[in-house]
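Undergrad: Task: produce atomic coordinates for the following.
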Amino acid sequence: MKPILLSSIICICLCFSRPSGSLAQDRLVIISPHWEGIRYEFGRGFKAFYQAESGREVKVEWMDVGGTSDVLRFIKSEFSNKPDGIDIDLMFGGGSDPYLELSRTNLLAPYQLPDSLLSAIPQKAGGFPLYDADYHWYGATMAGFGIIFNKRVMERMRLPNPKTWEDLTDPALFSWVGSADPRKSGSAHMPFEIILQAYGWERGWQIITALGANARSFANTGSQVPKDVTTGEIAYGMAIDFYAWAQINEVGPEMIGYTMPDNLTILNPDAIGMLKGAPNSEIARSFLRFVFSEAGQRLWMQKPGTPGGPERFQLSRFTVLPDLYRRIDPAYTSVTFNPFTWTSTFVYDA
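TA: I've put the predicted structure just below:
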């Protein structure tokens, strides 16, 4: 055999060979509106989980096409051109409404979690289902909507403790209330929808009008309002829970409080689901098992560096495993509210 031909064959064999003892690498593609912290912690955690479960390595690829509405629009557009599958395995995050729509249009693939995991998840929280009856989607965590308040400002200015949305209409609170612009922020839009449904159309608009009159300003993003409360620019703000917990973690519960009005708000599952035609369906199922394992659920609540907690980012979200609220050391988490002890007769019409 000629030396040049022999060298070529050897090079080709080396390119396609795998060193003995190395692990095969699999692939998972996730489209998500989640922020960097969630992507990093769940990507890192899943790699360890998958290696222990399968003995293989996995590469997690995150697709970022924008916010929740952008993700939903992208998925529907892709399926209109490729109805059998769009080369994406999972959608992760974005509330529950997108998953209801994807399920209605048969763009999600069902997967029933093992009984050992499914039995630990309540069917409902706050009157809202935590997973689809046909297993097309599951609530990986939950989001609540309430009022963040600055205790020191309230004490200094002799302002009342808020318990309901209607409390924010008190004329004594003029210029001390904050909200994001509901036209620009989904987390700001939801409380206004809740007020209209909880109080009724006529009374709801009266409350929104009076609340708006008390507002110092309307921020462009939902995350800005809790920051304004923390700095004392305002005393009260309408906020989604994890923005509030982030501020409580930063400055302490002795300064910042958060309440979810009884019977006047909702817990909304922040879901995950496998897309139809997922190219890596077995790995996607493994990711779902990880998300609902104790190892995955601890990432939502615990502080970075605590045993079983995240490595770099504090996520400050609810777990969907009720037992963890009892078993996680309070020193390991900034989430002080247990949604499973919270009751509400209010049923939100999505």
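
Undergrad: what's the burial count for Phe242?
TA: 24 (other CB atoms under 10 Å). All C-beta atoms are positioned from the backbone trio N, CA, C, and that covers glycine.

Undergrad: Could you look up the SS state of it?
TA: Of the three states, Phe242 takes helix under DSSP: H, G, I helix; E, B strand; the rest coil.

Undergrad: Which pLDDT does the model give it?
TA: pLDDT, Phe242: 86.

Undergrad: before we move on, what about the one 3 residues further on?
TA: Model confidence at Trp245, expressed as pLDDT, equals 84.

Undergrad: Which residue comes closest to it once chain neighbours are left out?
TA: Closest residue to Trp245 apart from its sequence neighbours, by CB to CB, 6 or more residues apart in numbering: Ser316 at 3.6 Å.

Undergrad: so that neighbour is in which element?
TA: Using DSSP states H and E, Ser316 is not contained in any helix or strand.

Undergrad: List the contacts of stretch 120-139.
TA: 96, 99, 102-103, 108-113, 118, 142, 144, 266-273, 288, 291-292, 320-323, 339-340, 342-348 (CB atoms under 8 Å, 6 or more residues apart in numbering).

Undergrad: if you look at those residues, which of them are in strands?
TA: Here DSSP state E is the test, and the contacts of stretch 120-139 give Leu108, Ala109, Met142, Gly144, Leu267, Asn268, Pro269, Asp270, Ala271, Ile272, Gly273 as lying in strands.

Undergrad: picking up where we left off before, doesn't Phe337 make contact with the residue nearest to Trp245?
TA: No: at 10.9 Å, Ser316 and Phe337 do not qualify as touching, with contact defined as CB atoms under 8 Å.

Undergrad: Could you check which of those two is surrounded by more residues?
TA: More crowded of Ser316 and Phe337, by other CB under 10 Å: Ser316, with 22 against 17.

Undergrad: mind listing what that one touches?
TA: Here Ser316 is in contact with Asp241, Phe242, Trp245, Ala246, Asn249, Met301, Ser334, Val335 (CB under 8 Å, 6+ apart).

Undergrad: Tell me the one among these nearest to Met91.
TA: Using CB to CB, Phe242 comes nearest to Met91 of the contacts of Ser316, at 19.1 Å.

Undergrad: Give me the neighbour count for the nearest residue to Asn106 once chain neighbours are set aside.
TA: Nearest non-adjacent residue to Asn106, counting by CB to CB, 6+ apart: Lys276, 6.9 Å away. For Lys276, the neighbour count with other CB under 10 Å is 21.

Undergrad: Could you pull up the residues touching Lys276?
TA: So Lys276 contacts Phe79, Asp84, Gly85, Asn106, Leu107, Leu108, Ala109 (CB under 8 Å, 6+ apart).

Undergrad: any idea which of those residues has the most stuff around it?
TA: Leu108 (26 neighbours).

Undergrad: Assign the nearest residue to that residue once chain neighbours are set aside to helix, strand or coil.
TA: Once flanking residues are discounted, Leu108 sits nearest to His136: 4.1 Å by CB to CB, 6+ apart. Assigned state for His136: coil (three-state reduction, three-state DSSP).

Undergrad: Pick out the residue nearest the middle of the protein.
TA: Asp270 (4.7 Å; CA atoms, centre = their mean).

Undergrad: Could you pull up the contacting residues of that one?
TA: Gly93, Gly94, Gly95, Ser96, Gly139, Ala140, Thr141, Met142, Ala143, Arg317.

Undergrad: what number of residues lie near the residue lying closest to Met63 once chain neighbours are set aside?
TA: Leaving aside its chain neighbours, Met63 sits nearest to Ile31 (4.2 Å; criterion: CB to CB, 6+ apart). By the criterion of other CB under 10 Å, Ile31 has 24 neighbours.

Undergrad: try Glu36
TA: 11.

Undergrad: cool, the one 4 residues further on as well?
TA: Other residues lying near Tyr40 total 16 when counted by other CB under 10 Å.

Undergrad: Looking at the ones in strands among the contacts of stretch 120-139, which two lie furthest apart in space?
TA: Longest span within the ones in strands among the contacts of stretch 120-139, CB to CB: Ala109 and Gly144, 29.0 Å.

Undergrad: CA atoms only for stretch 309-328 - export them in CSV, please.
TA: Extracted in CSV, the C-alpha atoms of stretch 309-328 (Å, rounded to 0.1, in the frame of the first residue of the first chain):
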residue,chain,number,x,y,z
GLY,A,309,-28.5,24.3,46.2
PRO,A,310,-27.5,26.2,43.1
GLU,A,311,-23.8,26.9,42.4
ARG,A,312,-23.8,30.6,41.3
PHE,A,313,-27.3,32.1,41.0
GLN,A,314,-30.1,32.5,43.5
LEU,A,315,-33.4,31.8,41.6
SER,A,316,-35.8,32.6,44.5
ARG,A,317,-38.7,30.6,43.1
PHE,A,318,-41.3,28.2,44.5
THR,A,319,-40.9,24.5,44.5
VAL,A,320,-43.9,22.3,43.5
LEU,A,321,-42.9,19.7,46.1
PRO,A,322,-44.8,20.6,49.3
ASP,A,323,-42.6,18.6,51.6
LEU,A,324,-39.5,20.6,50.7
TYR,A,325,-40.9,23.7,52.4
ARG,A,326,-40.7,21.8,55.7
ARG,A,327,-37.3,20.1,55.0
ILE,A,328,-35.2,22.9,53.6
